[in-house]
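**Student:** Build me a model from this:
(4 chains)
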Protein chains: 2
Amino acid sequence: MMKEFLHDNRIFYNPIEFAMAHIGGTWKIPIILCLRNGPVRYGDLKKSIPHISDKMLFTQLRELEEKQMVVKHTFSEKPPRVEYELTPKAIKALPLIDQFTAYGISLMSDAGII
Amino acid sequence: MMKEFLHDNRIFYNPIEFAMAHIGGTWKIPIILCLRNGPVRYGDLKKSIPHISDKMLFTQLRELEEKQMVVKHTFSEKPPRVEYELTPKAIKALPLIDQFTAYGISLMSDAGII
DNA sequence: CGGTATCCTTCTTGATACTG
DNA sequence: CAGTATCAAGAAGGATACCG
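**Tutor:** As a prediction, this is how the structure comes out:
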């Protein structure tokens, strides 16, 4: 398939694993989709993503920041305001995410869910 | 985003999670890609996918069969021959997988890996 | 050749509670 | 408002060994 490589103290065997590290898991795509129309604050993300816990939102946002998929803007106001915004790296993923959604819907249709 | 739903005793919150259950994880896409040009036998899959263990190949093939992403053909020969083949559900995923790969490669390029 | 079982470790996720 | 810490349960994955 291809040669494996190291990144951030982890071994990857192919480009898909690398992409999965950026947008895989349960919560990263829902977060990215919430940010697709512009910056959103923490509390609004929490409200927009059903069932996500503070811990998951917090840890996933940190990971997305580390991978430079989102940037955090802190405004020194009272009450404090913090907004998260997609980077170009994440914006490039949007067509892929849309195709992913379409495939998911087609599988759901096959399974008789819709 | 959308209403959650149940399937196979598990809760899903959106179509992407459902798609991830079919092609997510470390090994399902490499297996699907090995089968893209037609049926392949167990031993050849093992040889073509570097680093996969028998346990992982075995469990992932069972899961792919359960989700009707692959079919197993058993030939009563000596020595026994068993081939795995993609179903239409998996074939439909190939364009998505290719786009996934392309995104992974572009991320790798951003990261200076290639 | 093509599995299958068992044990064990690591990673992911959930529940809960507390802070500047 | 926007985090942050701690504990624990469960799932995913690796090592090893054995079977028809």
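**Student:** List the contacts of the closest residue to residue A:35 other than its chain neighbours.
**Tutor:** Among residues not flanking residue A:35 along the chain, residue A:86 sits closest, at 4.9 Å (C-beta to C-beta, 6 or more residues apart in numbering or on different chains). (Glycine included, C-beta is placed from N, CA and C.) By C-beta atoms under 8 Å, 6 or more residues apart in numbering or on different chains, the residues touching residue A:86 are A:32, A:35-36, A:69-70.
**Student:** next one: phi and psi at residue A:86?
**Tutor:** phi -70, psi 150 (degrees, to the nearest 10).
**Student:** Ok, residue A:33 next?
**Tutor:** The phi/psi pair for residue A:33 (degrees, to the nearest 10) is phi -70, psi -30.
**Student:** I'd guessed it sits against residue A:97; true?
**Tutor:** Yes - here residue A:33 lies in contact with residue A:97, judged by C-beta atoms under 8 Å, at a distance of 6.7 Å.
**Student:** returning to that earlier point: please convert the buried members of the contacts of residue A:86 into ChimeraX selection syntax.
**Tutor:** Only the buried entries of these go into this ChimeraX selection, using 16 or more other C-beta atoms under 10 Å in any protein chain shown:
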select /A:32,35,69,70
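**Student:** now, which of the contacts of residue A:86 lie within helices?
**Tutor:** residue A:32 (DSSP state H).
**Student:** Most widely separated two among the contacts of residue A:86?
**Tutor:** Farthest pair in the contacts of residue A:86 (C-beta to C-beta) is A:36 and A:69. Separation: 12.3 Å.
**Student:** and the gap between residue A:17 and residue A:108?
**Tutor:** Residue A:17 sits 25 Å away from residue A:108, going by C-beta to C-beta, to the nearest Å.
**Student:** more crowded one of those two?
**Tutor:** The neighbour count for residue A:17 versus residue A:108, taken as other C-beta atoms under 10 Å in any protein chain shown, is higher for residue A:17 (21 against 17).
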